[in-house]
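K.L.:
Let me see the structure of the following:
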Amino acid sequence: MEKILEGMEQFRTHVYPEYKSAFQSLEHSQSPLALFITCADSRIEPSLLMQTEPGDLFICRNAGNLVPPHGEDGAVEATVEYAVDALKIRDIVVCGHSDCGAMKAALNPASAEGLPAMRSWLRHANRARRIACDSYADPAARLRCVTEENVIAQLDNLMTYPSVAAAEARGQLNLYGWVYDIPSGLIRVWSPASGVFEAFDGTLPVSSRRRARGRDAAAA
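P.N.:
Model (predicted):
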């Protein structure tokens with residue numbers, strides 16, 4: 001806690017004065033550039049990762065960067081709905097990451113035996129777990145697969161939200177899937193055209209449920 005308190009003092013005395021005008025301009029309104037849905041993992045720093053300023057990102061974080069289907073989790077859906085309908089955000093990113101504890105638990109439910117809430121929450125990763133377990137025996141390959149498939153599954157789940165589906169159909173919303181590799185700093189981006197996650201090269205392919213997979217997500 002001492003480090004946190006020292007940081008607060010540093011912010012109060014040095015950082016805030018530098019950003020004072022920016023914070024004052026944000027006093028009564030916000031116009032974020034994107035909704036960033038990512039894991040609660042402490043190793044993920046969205047503003048550092050994308051070099052954004054205060055007010056640039058509307059962030060939704062939870063264990064495993066999960067987006068439950070419409071009607072199954074009010075907190076996530078309310079955040080998405082507000083971002084799309086109230087803030088008129090035009091871009092949503094679902095970002096998974098390497099060495100994700102939630103994805104490890106999804107692959108090995110016994111490891112979350114004493115965490116009933118987590119076990120229940122991870123049901124939203126069941127599709128990704130099944131694909132990974134059916135596709136790979138090697139643990140490292142299986143973890144990479146479940147991490148990637150989980151991002152794609154959550155993009156599909158986003159499209160079950162009326163606000164998202166309507167905005168996307170109007171051409172007013174883009175969905176993106178990323179996976180961040182912690183030790184290398186590499187970001188891999190879901191490419192609907194190639195059907196794989198490709199190393200970020202400065203451009204982002206647009207992804208939605210209909211383009212992410214050539215099949216109905218409900219049947220997957």
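
K.L.:
How far off centre is stretch 192-201?
P.N.:
Taking C-alpha atoms, centre = their mean, to the nearest Å, the mean C-alpha location of stretch 192-201 is offset from the chain mean by 17 Å.

K.L.:
Revised request: answer the last question for stretch 133-143.
P.N.:
Put simply, stretch 133-143 sits 22 Å off its chain's centre (C-alpha atoms, centre = their mean).

K.L.:
Straight-line length of it, end to end?
P.N.:
Stretch 133-143 has an end-to-end distance of 9 Å (criterion: C-alpha to C-alpha, to the nearest Å).

K.L.:
Name the residues of it that are buried.
P.N.:
Buried residues in stretch 133-143, counted by 16 or more other C-beta atoms under 10 Å: 142-143. For glycine as for every other residue, the C-beta is placed from the backbone atoms N, C-alpha and C.

K.L.:
What residues of the top helix by length along the chain count as buried?
P.N.:
In the chain, with assignment by DSSP state H, the single longest helix is helix 139-158. Across helix 139-158, burial judged by 16+ other C-beta under 10 Å covers 142-158.

K.L.:
Ok, stretch 171-190 next?
P.N.:
So, applying 16+ other C-beta under 10 Å, buried residues of stretch 171-190: 173-180, 187-190.

K.L.:
How about stretch 110-118?
P.N.:
Under 16+ other C-beta under 10 Å, the buried positions of stretch 110-118 are 112, 118.

K.L.:
ok, now stretch 47-61?
P.N.:
49, 52, 56-60.

K.L.:
same deal with stretch 31-47?
P.N.:
Under 16+ other C-beta under 10 Å, the buried positions of stretch 31-47 are 32, 34-39, 41, 44, 46.

K.L.:
List of residues touching it?
P.N.:
50, 52-53, 55-65, 67, 76, 79-80, 83-84, 87, 89-97, 100-102, 154, 180, 182 (C-beta atoms under 8 Å, 6 or more residues apart in numbering).

K.L.:
Okay, strands next: where are they in this protein?
P.N.:
34-39, 57-62, 91-97, 174-180, 187-191, 196-199 (DSSP state E).

K.L.:
Name the nearest of the buried residues of stretch 171-190 relative to S111.
P.N.:
Comparing the buried residues of stretch 171-190 against S111 with C-beta to C-beta places V179 closest, at 21.3 Å.

K.L.:
Dig out what the closest one forms beta bridges with.
P.N.:
Taking DSSP bridges as the rule, V179 bridges to G96, R188.

K.L.:
Tell me which residues touch it, please.
P.N.:
Contacts of V179 by C-beta under 8 Å, 6+ apart are 95-98, 147-148, 151, 187-188, 197.

K.L.:
Same check on L173?
P.N.:
For L173, the contact set (C-beta under 8 Å, 6+ apart) comprises 84, 89-92, 164, 167.
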